[in-house]
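Q: Using only what follows, build the 3D model:
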Amino acid sequence: MALLSKTITAFGGLLLAHACYSAREHTTLLSLRAATAATLTSSPTVAASLPLDIIIETIISTFIILVGLVLGTRPLRPIEWRVWAGKIEREGEEGFTDNSGAVDRDFVGNPFSLLESRPNFVDIRKQRKEFADWIQKGDSLQAQ
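A: Predicted coordinates for the structure are as follows:
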């Protein structure tokens with residue numbers, strides 16, 4: 001999809017460049033005609049607008065460029081945290097790929113992974129018992 005969008009955008013850019021070149025040539029010829037008419041007569045009458053085909057080409061090329069740019073954008077991410085977390089749970093990293101198939105640079109994973117992986121409250125009594133058992137095993141090894 002990225003190649004298609006880049007191709008469409010480049011084609012629209014070429015059309016827009018041609019429209020700009022045509023407008024430039026038209027105004028140059030128009031000013032040359034006005035200068036020639038001014039030398040022949042005292043009151044030059046020159047049309048000041050661009051031809052319709054140049055105007056239409058400019059509008060169409062701008063529209064084609066916009067279509068190419070829209071096709072090349074990444075899909076929108078969910079705004080709500082619960083929707084985003086649900087999408088991560090269902091799809092994983094594949095849910096956050098751009099149009100070319102690469103994982104999004106801004107993908108940080110599960111936003112709740114810190115809460116899910118944090119250590120639970122420390123059980124002091126359990127640790128005290130384990131320490132006492134360890135000391136008793138150490139004493140029994142030294143006695144033998």
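
Q: For the protein, give the helix that spans the most residues.
A: Longest helix in the chain, counting residues (DSSP state H): helix 2-40.

Q: After that one, which helix or strand is next? Please name it.
A: For helix 2-40, the succeeding helix or strand toward the C-terminus, using DSSP states H and E, is helix 52-71.

Q: Any regions of this protein where pLDDT drops low?
A: Within the chain, the ranges that satisfy pLDDT under 70 run 1, 38, 40, 42-48, 77-78, 92-123, 139-144.

Q: Domain ranges for it, per the record?
A: Following automatic domain parsing, one gets these domains for the chain: 2-73, 77-144.

Q: Count residues in the vicinity of residue 62, would you?
A: 14 (other Cβ atoms under 10 Å). Any C-beta I mention is one placed from the backbone N, CA and C, and that applies to glycine too.

Q: OK, contacts around it?
A: Residue 62 is in contact with 12, 16, counting by Cβ atoms under 8 Å, 6 or more residues apart in numbering.
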